[in-house]
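S.K.: Any chance you can model this:
(one chain, ligands or ions: 1)
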Amino acid sequence: MSKIGFIGLGIMGGPMSAHLVAAGHDVSGYDVGADALARLVDQGGHGATGVADAVDGAEIVITMLPNHPQVEEVVLGDGGVLDTAKRGTLLIDMSTIRPETSVAVAQAAQDNGIRVLDAPVSGGEAGAKQAALSIMVGGEAADFAAAQPIFDVLGKTIVHVGPHGAGQVVKAANQLLVGGIYGLVGEAIVLMEASGVDAGIGLDVLAGGLAANRILDLKRESMVARQFQPGFRIDLHHKDMGIALAAARQADVALPLTGLVAQLVASARAMGHGSLDHSALLKVTEELSGRAQKEG
Ligand code: NAD
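M.R.: Numbers count the residues shown, from 1 in each chain. From the prediction side, this is the model:
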């Protein structure tokens, strides 16, 4: 069993850290939010007073933070993980951030003798609660092997996808695909309804053909019913489309459809739908078509 420092105990980090406690690990957690910290203590973890306290004596440090500024502050900042963790510690950043930040963190950590993996996840809050996350991991193969017992507690599909930053690139690819598919399912619904076709029946047929996909399977009924409780919020997807575009720029490629989807997500947010599920991209197409509807 390992001594683990866990920083960022929110929607995802909360249940993930609880699974590690339940698996018998010695988990010392830290979050700027008092409620998140209290939840970990209730579940048998130690509540740390700050980053340095959480990583004190840890063999493994896990970060699950909102975005790159928080990762930079917690890991690279004064009194951060690199300043305070012992040499040989394995830092696993499971936040979704830009690939270039993951690479920069890994380079900076090398000087301190700290090993780093980027290991963003897919599967949402339900996946975190059920320990069924997909985990895409970038970094050295030996470090991936060392982290495998930890990943096994948290997820079901766990793949080493390449060097530092590769996990974030795969996650960015996931988010651009998911955003694009939501946008197109929304357009299919608007087209069918405006043409007098029952969209629910139409999507049932499509879900059995070449256009079949998981989003059609899981979300077509709630989208047709205009139920947009999150799930995964538009605000977070907006962040992730920014990451996808930053990754494209870094890789010197043009991703025109990703650019368009990013604008649609930004538009959903500007319309005040940031706290709705990302399937609410449908509302943008409705607005553009002069067919705005009330939520179901
Ligand atoms: P969240 O906002 O619920 O949790 C982040 C936690 O970090 C919060 O509790 C916050 O208080 C804490 N925090 C922020 N700054 C801190 C600091 N400086 N020091 C200590 N704690 C700090 O977010 P989440 O939904 O748990 O997402 C975390 C990451 O996982 C994000 O990068 C997100 O994109 C990604 N992700 C989320 C989901 C999802 O469905 N929610 C799915 C896959 C991936």
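S.K.: Helix or strand: which one has the residue nearest to T258 when sequence neighbours are not counted?
M.R.: Excluding the flanking residues, the one nearest T258 by CB to CB, 6 or more residues apart in numbering is L176, at 4.5 Å. Using the backbone N, CA and C atoms, a C-beta is placed for each residue, glycine as well. Per DSSP states H and E: L176 is located in helix 166-194.
S.K.: quick one: that helix to chain centroid distance?
M.R.: The chain centroid and the centroid of helix 166-194 are separated by 15 Å under CA atoms, centre = their mean, to the nearest Å.
S.K.: Past that helix, which element shows up next along the chain?
M.R.: Counting by DSSP H and E, the next helix or strand C-terminal to helix 166-194 is helix 199-206.
S.K.: got the angle for the helix or strand just after that next one vs helix 199-206?
M.R.: Downstream of helix 199-206, the first helix or strand assigned by DSSP H and E is helix 214-224. If you take axes from the mean of the first three to the mean of the last three CA atoms, to 10 degrees, helix 214-224 sits at 170 degrees to helix 199-206.
S.K.: For helix 214-224, list the C-alpha coordinates in PDB.
M.R.: Below are the C-alpha coordinates for helix 214-224, written out as PDB (Å, rounded to 0.1, in the frame of the first residue of the first chain):
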ATOM      1  CA  ARG A 214     -22.600   6.100 -27.900                       C
ATOM      2  CA  ILE A 215     -24.000   9.600 -27.700                       C
ATOM      3  CA  LEU A 216     -27.000   8.600 -29.800                       C
ATOM      4  CA  ASP A 217     -27.400   5.500 -27.500                       C
ATOM      5  CA  LEU A 218     -27.200   7.400 -24.200                       C
ATOM      6  CA  LYS A 219     -28.500  10.900 -25.000                       C
ATOM      7  CA  ARG A 220     -31.000  10.900 -27.800                       C
ATOM      8  CA  GLU A 221     -34.000  10.500 -25.600                       C
ATOM      9  CA  SER A 222     -33.000  13.300 -23.100                       C
ATOM     10  CA  MET A 223     -32.000  15.600 -26.000                       C
ATOM     11  CA  VAL A 224     -35.400  15.100 -27.800                       C
END
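S.K.: ok, residues contacting that helix?
M.R.: 178, 181-182, 185-186, 189, 199-200, 203-204, 206-207, 228, 279, 282 (CB atoms under 8 Å, 6 or more residues apart in numbering).
S.K.: residues contacting the residue in the stretch 1-150 of the chain that the ligand sits nearest to?
M.R.: Closest contact between the stretch 1-150 of the chain and the ligand, by CB to the nearest ligand atom, is at G10 (1.9 Å). Contact analysis of G10 by CB under 8 Å, 6+ apart lists D31, G33, A36, M64, P66.
S.K.: and with 6 Å instead?
M.R.: Applying CB atoms under 6 Å, 6 or more residues apart in numbering, we find G10 in contact with no residue.
S.K.: Quick one: name the residues of the stretch 101-250 of the chain near the ligand.
M.R.: Within the stretch 101-250 of the chain, the positions near the ligand by CB under 6 Å from any ligand atom are V121, S122, G124, E125, F232, L236.
S.K.: hmm, try it at 8 Å
M.R.: Applying CB under 8 Å from any ligand atom, we find that the stretch 101-250 of the chain lies next to the ligand at 120-125, 127-128, 133, 171, 230-233, 236, 239-240.
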